[in-house]
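Novice: I need the structure of the sequence given here:
(one chain, ligands or ions: 2)
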Amino acid sequence: MGYRDLRDFVRTLEKNDELGKISAEVDPVLEITEITDRVVKARGPALLFERAKGSKIPAVTNLLGSERRMCLALEVDTLDEVAERVHSFLDVKSPQGILEKVKMLPKLAEIGSFFPKAVRNGACQEVVRTENFSLDYFPILKCWPQDGGRYITWPMVITRNPETGKRNVGCYRMQVYDGRTTGMHWQTQKHGAEHFRNARAKNPQGKIEVAVAIGADPATALAGILPVPPDMDEFLFSGFMRRDPVELVQCKTVDLEVPANAEIVLEGHVNLGEMRTEGPFGDHTGFYSLEGEFPVFHIDCITHRKEPLYLTTIVGPPPQEDYFMGHAIERIFMPVMKMQYPEIVDVAMPAEGIFQNLMIVAIRKSYPGQARKIMNAIWSLGQAMFTKVVVVVDHDVNVQDSREVVWKALCAIDPERDIQFVMGPVDTLDHAARRQDYGSKMGVDATRKWPEEGYAGRWPDEIKMDDATKHRVDKIWQQLKRVLGPKKN
Ligand SMILES: Cc1cc2nc3c(=O)[nH]c(=O)nc-3n(C[C@H](O)[C@H](O)[C@H](O)COP(=O)(O)O)c2cc1C
Ligand SMILES: [Mn+2]
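Specialist: Ligands and ions are numbered 1, 2, ... in the order given. Model (predicted):
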C-alpha cells in the first residue's frame, strides 16, 4: 500500500526524525529559500513551514532532499530495489509452454493493477472555488533576489495530446503574474509544449485545457518529473512505483483528471495565440534563466482540501532537492538503458553537472568505435539528448567516483583524436549555447584504444600490487603500525 497522500508521508517523515517543523513566521519571499538551501546542503530534514508570512497555508520544502527520504518515499531500502522491479518487468520473455505461461499471469495482472483508477470523489475537491479565488491564498515562493516574481515550482501540469487524446504530466514552473494568471514554462522539447503546438497547428486562436495539481503522495508528486516517452502516462509509472494505482478524479470545469489525493488543483486554459515574457528565474543551473516568451495559464477554478499543504521545492546552486530526484530517476531507469544498450555497465550524473551538462558512462567495449556509438545513443535517448558532455569510460572505471573518473579518463585520451563535437537540440536553460535550444555537444571517448581503432602502441596496465605481497604485508601490518605511529594509514 502506497502513502495515502502528502500528509500521510509527512507524518512518516516525522516518525523517522526526518521532518523539521518551523513555527516561527518565515517569509515565502526569499527566506524560505535561504533556510531550505542551508538545510539541503547540510543533508538536513524535510521542512514544514507552519507560519508562512502572508498566508494561512503551511508550506513544505526539501521533501525528498536526501537519498534516505527518497527511499522512504518509494518504500524501499535502496533505489536498486526499484530498478530491480523495473528489470523484472522488462525481463518478461516469450513463455515456453503452458507452465511458463501460467507463471507469467500474476506478473501481467500486476501490471494491470498499476493503471490509474477513476474515482468519484477526491479530497482535492473538498473546497471548490469558481469565484473570488486568488493564488494569493497560497504561500508561493519568490526564490532568489533577481527572480521576476513568485513561482509555483512543483506543479503537476496535466494536458491531453490533441492528436491522440493521451494524457501528459509535466513539472513546469509557473510564474505568478496575478491571482489568476501564471506563466507556463514548458520548454520547447517537452511534452506539454508539443501538445500546445499540435493544438495551435489546428486552431491558432483556440485554447487548450490545463489542470495543475500541487502536492500528493510522493510517488505521484514525482510523476511530472519522470522522463517517460511521449504518450506514456506518467501516472501509470507512479502507480508502479507506489504499487498502488493513482486514483484520479474528474476536474470541475475542464475535461481532465487529477490525483484525488492532491492538496490543491488549479483548473484553466492556455490560449494558443498568447505569449508573455517569463523570467528571470534562479534556476537549477545555479544561474538565472533570463526572460523568454512563454504561454500563459489562465485559472478558471481552484479546488483544494479543507486545510491544504502547499508543496514546493527550490532549485539553485547544486546540490538541491532536484539532484536527489534526478539521481533516483537515473537509478530507476538504468535497466531500461541497459536493455537497449547492454554494454552499459553504469552511468553517473554528478550534482555539479546539473544533469544536462555531464554524463559519465561506463561500457564493456567489445567492438571498435563502440564508445562513439554510445554517445550517439545517449544523444538520441529521450531527455538525455540534452547532455552537453558525454564521457565514455571502460567498465573498470567506477563512474560514481568523480576523482577516479578525472584520473583515468584524462589518462586515456589523446584530445584531438578522442573528442568529437555534434550539433543538435540543447537544453533551453543552457545560457552558453549560440542559440536558445540549439548548439553543440561534446563526446569524450575515454576508453582504452584498440589497434582496430588505429592505436599503434601497447596500452599499459593499471598499477596494482600482487596479492602475495599484499598478503605478506598484511601479516606484519599491526607490528608496522606500531613503528609508524598513530598517524593515519
Ligand atoms: C523542480 C523542477 C522544476 C522544473 N521546471 C521545469 C520547467 O520550468 N520547464 C521544463 O520544461 N521542465 C522543468 N523541469 C523538468 C521537467 O519536469 C522534466 O523534464 C519532465 O520530464 C518533463 O515532462 P515531459 O517529458 O512530460 O514534458 C523541472 C524539474 C524539476 C525537478
Ligand atoms: Mn511526458
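
Novice: so who does the closest residue to A362 other than its chain neighbours touch?
Specialist: Nearest residue to A362 in three dimensions, chain neighbours excluded: V345, at 4.3 Å (C-beta to C-beta, 6 or more residues apart in numbering). Quick note: C-beta positions are derived from backbone N, CA and C, even for glycine. By C-beta atoms under 8 Å, 6 or more residues apart in numbering, V345 lies in contact with A362, I363, R364, H395.

Novice: again, 6 Å this time
Specialist: A362, R364, H395 (C-beta atoms under 6 Å, 6 or more residues apart in numbering).

Novice: go on, G215?
Specialist: Applying C-beta under 6 Å, 6+ apart, the residues near G215 are L6, A262, E263, L309, L311.

Novice: just to revisit the earlier point, in the contacts of V345, which residue is surrounded by the most others?
Specialist: Highest neighbour count within these, by other C-beta atoms under 10 Å: A362, with 25 neighbours.

Novice: That residue contacts D396, correct?
Specialist: No: if you go by C-beta atoms under 6 Å, A362 and D396 don't touch, sitting 8.0 Å apart.

Novice: how near is I35 to ligand 1?
Specialist: Separation of I35 from ligand 1 (C-beta to the nearest ligand atom, to the nearest Å) stands at 17 Å.

Novice: Is there a neighbour count for that residue? I'd like the number.
Specialist: By other C-beta under 10 Å, neighbour count at I35 equals 20.

Novice: same question, P45
Specialist: Neighbour count of P45, defined by other C-beta under 10 Å: 22.

Novice: Equivalent analysis for D233, please.
Specialist: 17.

Novice: and L266, what does it touch?
Specialist: So L266 contacts V212, I299, I302 (C-beta under 6 Å, 6+ apart).

Novice: sorry, back to before: restrict the contacts of V345 to contacts with ligand 1.
Specialist: By C-beta under 6 Å from any ligand atom, no member of those lies near ligand 1.

Novice: closest to ligand 1 among the residues you listed?
Specialist: Nearest to ligand 1 out of the contacts of V345 is A362 (C-beta to the nearest ligand atom; 24.5 Å).

Novice: Show the pLDDT at that closest one.
Specialist: The model reports A362 with a pLDDT of 98.

Novice: Tell me what it is bridged to.
Specialist: Beta bridges link A362 to D346, V393, judged by DSSP bridges.

Novice: between the contacts of L266, which is nearest ligand 2?
Specialist: Distances from ligand 2 to the contacts of L266, taken as C-beta to the ion, are shortest for V212 (14.9 Å).

Novice: Mind exporting the C-alpha coordinates of the longest strand along the chain to CSV?
Specialist: Counting residues, the longest strand found in the chain (DSSP state E) is strand 264-278. What follows is strand 264-278 as a C-alpha-only set of coordinates in CSV (Å, rounded to 0.1, in the frame of the first residue of the first chain):
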residue,chain,number,x,y,z
ILE,A,264,-4.5,21.9,-4.4
VAL,A,265,-5.8,21.9,-8.0
LEU,A,266,-5.8,24.8,-10.5
GLU,A,267,-8.1,24.3,-13.5
GLY,A,268,-7.9,26.5,-16.5
HIS,A,269,-6.7,27.1,-20.0
VAL,A,270,-3.8,28.3,-22.2
ASN,A,271,-4.7,30.5,-25.2
LEU,A,272,-2.8,29.2,-28.2
GLY,A,273,-2.3,32.7,-29.6
GLU,A,274,-0.9,34.2,-26.4
MET,A,275,2.7,34.5,-25.2
ARG,A,276,4.1,36.6,-22.4
THR,A,277,7.6,37.4,-21.0
GLU,A,278,8.6,34.9,-18.4
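
Novice: For the next helix or strand after that strand, which strands pair with it and how are they oriented?
Specialist: Note on strand 264-278: by DSSP states H and E, the next helix or strand toward the C-terminus is strand 281-282. Taking DSSP bridges as the criterion, strand 281-282 sits next to strand 288-289 (antiparallel) in its sheet.

Novice: who's in contact with the strand it pairs with?
Specialist: By C-beta under 6 Å, 6+ apart, strand 288-289 touches Q146, G279, P280, F281, G282, D283, L429.

Novice: Spit out the contact partners of the nearest residue to the second one once chain neighbours are set aside.
Specialist: Looking back up the chat, that one is G279. Distances taken as C-beta to C-beta, 6+ apart place E291 nearest to G279, at 4.2 Å, with adjacent residues excluded. With contact set as C-beta under 6 Å, 6+ apart, E291 has these partners: T277, G279, P280.

Novice: Give me the pLDDT for E291.
Specialist: The model's pLDDT for E291 equals 97.

Novice: and it, backbone torsions?
Specialist: In terms of degrees, to the nearest 10, the main-chain angles of E291 are phi -60, psi 150.

Novice: Then M104?
Specialist: Here is the backbone geometry of M104 (degrees, to the nearest 10): phi -80, psi -20.

Novice: Does it touch P95 like I think?
Specialist: Yes: under the criterion of C-beta under 6 Å, M104 makes contact with P95 at 5.3 Å.

Novice: State the distance from G382 to ligand 2.
Specialist: Per C-beta to the ion, to the nearest Å, G382 is found 9 Å from ligand 2.
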